[in-house]
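Enquirer: need coordinates for the below:
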Amino acid sequence: MDDSVEVFGFSIPVRRHSRQGRPSQVKAPVQFQVLNFFHGKAIRHVKIAISGTYSAGKTSTVMALSRYTGVPRTLARTIREILPEAVPGKALAEVTPAEFLQLMLRRHTGRAVQEALLGDHFISDGSSLQEWLYGAGRVIHGMNPNANAGNAGGRAVVQDEEMQFFAKAVDQYALALKSHVKSTYDAYVHLEHELPIAADGHRPMNDGFRATIDKMLLQTLDELEIPYYIVRGTMSERLTRICELFDLKPVLGLDEAIELARQDYAAQDFRLETERVATAA
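Expert: Below you'll find the model as predicted:
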């Protein structure tokens with residue numbers, strides 16, 4: 001079925017697939033190539049989201065998988081890139097609830113554009129569920145989760161009126177973002193957080209916050225009846241397993257793909273949002 005995505009007044013055509021009767025977590029490999037069937041429906045291509053919390057290795061895995069299989073990956077801008085123009089001069093830990101809602105919208109819009117441009121065959125670094133969950137997580141753990149990392153479960157102790165309104169707004173965002181994800185993705189690959197949080201000055205150093213996001217994400221995939229696989233291990237093990245699950249065919253050697261992805265990852269701009277502002281000035 002052909003449909004379109006409306007983004008800032010522009011109608012972008014995109015092909016949708018029916019998702020009736022899909023189970024939550026799929027146990028056996030599912031074939032997505034031409035003439036194969038997925039729950040009774042022939043599907044020519046596949047749209048996969050690689051999910052997990054921050055520091056789970058999503059970006060590096062997506063880069064390596066795209067190199068290894070030749071399947072294109074989405075290239076939506078990161079929060080570090082969005083912050084300097086959306087909330088100039090502020091670090092992520094300093095944004096207000098209202099400002100965070102703007103960031104959620106901008107990040108989702110960027111994702112939707114990338115998804116539409118790539119059509120019905122791509123690998124995504126996360127999905128718009130993350131935008132909602134990082135907001136929902138802040139309802140529980142505070143706008144700056146770092147400040148509450150020492151509390152029981154890393155949770156915020158009190159919630160003022162501003163945060164109560166923020167919680168209601170985030171709940172409304174959830175309705176729209178869940179609907180978008182359900183109509184977009186064929187399956188998820190969820191990465192367990194096997195690595196410690198990278199202390200880079202940007203990611204929240206709150207294990208409770210990360211655990212909340214991880215738990216809510218899997219619960220939501222069950223709720224939406226989107227198939228998902230939990231994958232763990234080294235990069236080689238991850239790539240091999242994902243290709244087995246989706247019958248993806250390598251176009252490069254495993255070691256070559258991983259090395260090229262390492263170079264791709266190293267070429268990213270890792271400056272903090274506040275450093276970008278200072279440089280621009």
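
Enquirer: quick one: contacts of stretch 50-58?
Expert: Here stretch 50-58 makes contact (Cβ atoms under 8 Å, 6 or more residues apart in numbering) with 61-62, 65, 123-127, 129-130, 188-198, 203-204, 210, 213-214, 217, 221, 228, 235, 238. In short, each C-beta sits where N, CA and C put it, glycine included.

Enquirer: and that stretch, what's buried?
Expert: Buried residues in stretch 50-58, counted by 16 or more other Cβ atoms under 10 Å: 50-58.

Enquirer: could I get the residues you listed as CSV with pLDDT?
Expert: Listed next are these as CSV, based on pLDDT from 0 to 100:
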residue, pLDDT
Ile50, 96
Ser51, 93
Gly52, 88
Thr53, 82
Tyr54, 77
Ser55, 75
Ala56, 84
Gly57, 88
Lys58, 91
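
Enquirer: could the residues you listed go into TSV alongside distance to Ala147 and secondary structure?
Expert: Converted to TSV, these look like this (distance: Cβ to Cβ, whole Å; DSSP: H, G, I helix; E, B strand; the rest coil):
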residue	distance to Ala147	secondary structure
Ile50	30	strand
Ser51	26	strand
Gly52	24	coil
Thr53	19	coil
Tyr54	17	coil
Ser55	19	coil
Ala56	23	coil
Gly57	26	coil
Lys58	25	helix
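
Enquirer: in CSV: the residues you listed, plus distance to Thr109.
Expert: Below are the buried residues of stretch 50-58 laid out as CSV (distance: Cβ to Cβ, whole Å):
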residue, distance to Thr109
Ile50, 20
Ser51, 19
Gly52, 22
Thr53, 22
Tyr54, 21
Ser55, 25
Ala56, 24
Gly57, 25
Lys58, 20
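
Enquirer: roughly how far apart are Glu161 and Leu129?
Expert: From Glu161 across to Leu129, the span is 27 Å (Cβ to Cβ, to the nearest Å).

Enquirer: again, but for Val87
Expert: Per Cβ to Cβ, Val87 is found 22 Å from Leu129.

Enquirer: neighbour-wise, which of these two wins?
Expert: Set side by side, Val87 and Leu129 show more neighbours around Leu129, with 27 against 20, by other Cβ atoms under 10 Å.

Enquirer: ok, then the element right after the longest helix seen in the chain?
Expert: Scanning the chain for the helix with the most residues, using DSSP state H, yields helix 161-184. Next helix or strand after helix 161-184 toward the C-terminus (DSSP states H and E): strand 187-191.

Enquirer: that next one - contacts with which helices or strands?
Expert: Judged by 3 or more Cβ pairs under 8 Å, 6 or more residues apart in numbering; DSSP states H and E, the packing partners of strand 187-191 are strand 47-51, helix 207-224, strand 228-231, helix 235-246.

Enquirer: just the buried positions in the third one, please.
Expert: Along strand 228-231, these residues count as buried under the neighbour rule (16+ other Cβ under 10 Å): 228-229, 231.

Enquirer: also stretch 210-230?
Expert: Under the neighbour-count criterion of 16+ other Cβ under 10 Å, stretch 210-230 has 210-214, 216-218, 220-221, 224, 226-229 buried.

Enquirer: for Lys168, state which of these is nearest.
Expert: Using Cβ to Cβ, Met216 comes nearest to Lys168 of the buried residues of stretch 210-230, at 17.2 Å.

Enquirer: please look at that closest one and Val139 and confirm they touch.
Expert: No: Met216 lies out of contact with Val139 (Cβ atoms under 8 Å); the separation is 10.9 Å.
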